[in-house]
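Undergrad: Sequence first, predicted coordinates after that:
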Amino acid sequence: MTKQVSGSPFLKPFFLKTPVRVVRPLQQRRHTLPASEFRNLTPQDAISVFEIEREAFVSVSGECPLTLDEVLNFLGQCPELSLGWFEEGQLVAFIIGSGWHKERLSKEAMTHHVPDTPTVHIHVLSVHRHCRQQGKGSILLWRYLQYLRCMPGLRRALLICEDFLVPFYQKAGFKEKGLSEISVSSMQFMEMEYMLNGQAYARRNSGC
C-alpha cells in the first residue's frame, strides 16, 4: 500500500510505503503521522523554526539570521516561499525565503518581503542538531529549488553566506556574485545566485 503526500499544489507528490495490516472489528483506528513530509511552513511553526535556527547559528556566530518576529512576519506574508521537512510530525529542517526586487541584496532585504517579483531571497536554511551530517540540508535545498522552478514568474534565487559554506551552495548550482554589502558585526558574506531556468543539480550528500 502506498500513501501520497504533498504539502503544496506545486510540490510533486511522493509516496511512503506503509505495511498492510488487518484491523480487527472492535479495534479503533489510531491516527498516524506520515513518516516524512515536505510542506510550506505556517506561523504555527514559528516557534519550532526559531528554536532550530537559534541553536544552529547562535552557537557558531552569535547571531540568528531571523528573529522570532521576523520568522512570524515572513511566514505570515509569504508562506509559499518556505519549505519544511517533517518526520513523524516534528520539524527537522527548513528554508525560509521572501520576495526581492533588486539585482543585489541590501540590508533592507533582510527584513522585507516584496511581492510579485522574479527573485527569491533565501534567508535561512537550517537543520535540527540531531539530524545533521545526514545530507538533509542538500536534499531539502534540492527540493526547494525544484519547487521554486514550478512557481510562475520566478527567475532566480539569491542568498548570502559565509565563506566556508560557498562550496556547499556551489554544489547546488549557485554562482558567486561577489562580496555582499551586508555585514553583521565583523562578519562578511558572499552573495550567491541560482538561475531557476537552468539545469537541476544532481542530489548530493553534504555535511550541512
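TA: In hand now; what should we look at?

Undergrad: would you list every one of the strands in this structure?
TA: Taking DSSP state E as the test, the strands found in the chain are 2-5, 14-17, 36-39, 82-87, 90-100, 119-127, 156-161, 175-184, 187-195.

Undergrad: which of these has the lowest average pLDDT?
TA: When the strands of the chain are compared by mean pLDDT, strand 14-17 comes last with a mean of 38.

Undergrad: returning to that earlier point: could I get the strands of the chain as a markdown table with distance to E51?
TA: Bear in mind the C-beta positions are built from the backbone N, C-alpha and C, glycine included. A markdown table is the format used below for these (distance: least, C-beta to C-beta, whole Å):
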| stretch | distance to E51 |
| --- | --- |
| strand 2-5 | 24 |
| strand 14-17 | 26 |
| strand 36-39 | 18 |
| strand 82-87 | 13 |
| strand 90-100 | 9 |
| strand 119-127 | 10 |
| strand 156-161 | 22 |
| strand 175-184 | 21 |
| strand 187-195 | 22 |
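
Undergrad: for this protein, what's the longest helix?
TA: helix 46-61 (DSSP state H).

Undergrad: just so I know, which of the strands of the chain lies nearest G137?
TA: Comparison of the strands of the chain against G137 by C-beta to C-beta identifies strand 119-127 as nearest, at 5.2 Å.

Undergrad: Fine by me, we can end here.
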